[in-house]
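Peer 1: the sequence isn't on hand, but the structure is:
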């Protein structure tokens, strides 16, 4: 019945007859073996790739850590220099402050003396300037 | 039969090998990703340290210029201080001499004051 239909539908061609096969189970095992070989090869390649990538990344990591250490010691050095520069600035500031207060302490006396000497004072104003001189330069 | 058993052995060996290789791939993927995360963390810290270094260097530059300014100011203050001292010392000497009624000393001190207390 079926054969008849094939023959009519395929326009007179002979129906497809598969070539003789070796016994089924053995063929299945062979297919499995081939698939497994392909899979194992693929995973061998992928494992190789990722081992390589990992090793490269580990090297990069070590390099990065070394660079970090370098930067850290550089930073410690810079911090030290900042501290010493800060101390220098404070010292200079203090010295100037001392000079300024010394100058300020003397300026009253100096002003009084200059006023007494150079302002062309006479009589009472001169006497007042002299008294001022006595208090400020005493 | 024996051939079949041998084939099955091959299949098992290959399956085990494939499994081990899958596991190895997974392991090294994880290790690789971990290394990469670590690297980016370290790089971040390097960047932070570099920013700090740049900031420190900038502060050093600023402080050095401040110190230079202060030094210039100190030079000015020092000459001013010397001038003021010369005048004030003479003035004080003259006042002290006047108090002691020491005319000679007063005269000498006033002479100095004339020289050092110029405007």
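Peer 2: Looks like it came in fine. These numbers were taken from a predicted model, which means no experiment stands behind them. Numbering: from 1, shown residues only, chains lettered A, B, ... in the order given.
Peer 1: what helices or strands is the longest helix along chain A leaning on?
Peer 2: Under DSSP state H, the helix in chain A containing the largest number of residues is helix A:24-118. Secondary-structure packing of helix A:24-118 (3 or more CB pairs under 8 Å, 6 or more residues apart in numbering or on different chains; DSSP states H and E): helix A:123-136, helix B:2-100, helix B:103-116. Any C-beta I mention is one placed from the backbone N, CA and C, and that applies to glycine too.
Peer 1: what's residue B:101 sitting at in phi/psi?
Peer 2: phi 60, psi 40 (degrees, to the nearest 10).
Peer 1: so how far is stretch B:65-82 from its chain's centroid?
Peer 2: 25 Å (CA atoms, centre = their mean, to the nearest Å).
Peer 1: quick one: that stretch near chain A?
Peer 2: Yes. Using CB under 8 Å from any CB of the partner chain, stretch B:65-82 reaches chain A at B:66-67, B:70-71, B:73-74, B:77-78, B:80-81.
Peer 1: from those, pick the one nearest residue B:90.
Peer 2: residue B:81 (14.9 Å; CB to CB).
Peer 1: before we move on, back to that, just the buried residues out of the residues of stretch B:65-82 next to chain A, in ChimeraX syntax.
Peer 2: Per 16 or more other CB atoms under 10 Å in any protein chain shown, the buried members of these correspond to this ChimeraX selection:
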select /B:66,67,70,73,74,77,80,81
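Peer 1: and which of the residues of stretch B:65-82 next to chain A is nearest residue A:95?
Peer 2: After measuring the residues of stretch B:65-82 next to chain A against residue A:95 - CB to CB - the closest member comes out as residue B:74, at 6.0 Å.
Peer 1: list the contacts of that closest one.
Peer 2: Applying CB atoms under 8 Å, 6 or more residues apart in numbering or on different chains to residue B:74 gives the contacts A:92, A:95-96, A:99.
Peer 1: apply 10 Å and report the result again.
Peer 2: Counting by CB atoms under 10 Å, 6 or more residues apart in numbering or on different chains, residue B:74 touches A:92-93, A:95-96, A:98-100, B:67, B:81.
Peer 1: give me the pLDDT for it.
Peer 2: At residue B:74, the predicted lDDT confidence score is 96.
Peer 1: one more: residue B:67?
Peer 2: 95.
Peer 1: measure residue B:77 to residue A:113 for me?
Peer 2: Distance, residue B:77 to residue A:113, using CB to CB, to the nearest Å: 20 Å.
Peer 1: now do residue A:103
Peer 2: Taking CB to CB, one finds residue A:103 at 15 Å from residue A:113.
Peer 1: for the two, work out which one has more neighbours and name it.
Peer 2: residue A:113 (27 against 18; other CB atoms under 10 Å in any protein chain shown).
Peer 1: low-confidence regions, the chain specifically.
Peer 2: Picking chain A for this. For chain A, applying pLDDT under 70 flags the ranges A:1-29.
Peer 1: I was after chain B.
Peer 2: For chain B, the stretches with pLDDT under 70 are B:1-4.
Peer 1: quick check, central residue of it?
Peer 2: For chain B, residue B:56 is the residue whose C-alpha lies nearest the centre (CA atoms, centre = their mean; 3.6 Å).
Peer 1: give me every residue that touches it.
Peer 2: A:74-83, A:85.
Peer 1: could you check how far residue A:45 is from residue B:84?
Peer 2: 89 Å.
Peer 1: residue A:118 too?
Peer 2: From residue A:118 to residue B:84 the distance is 16 Å (CB to CB).
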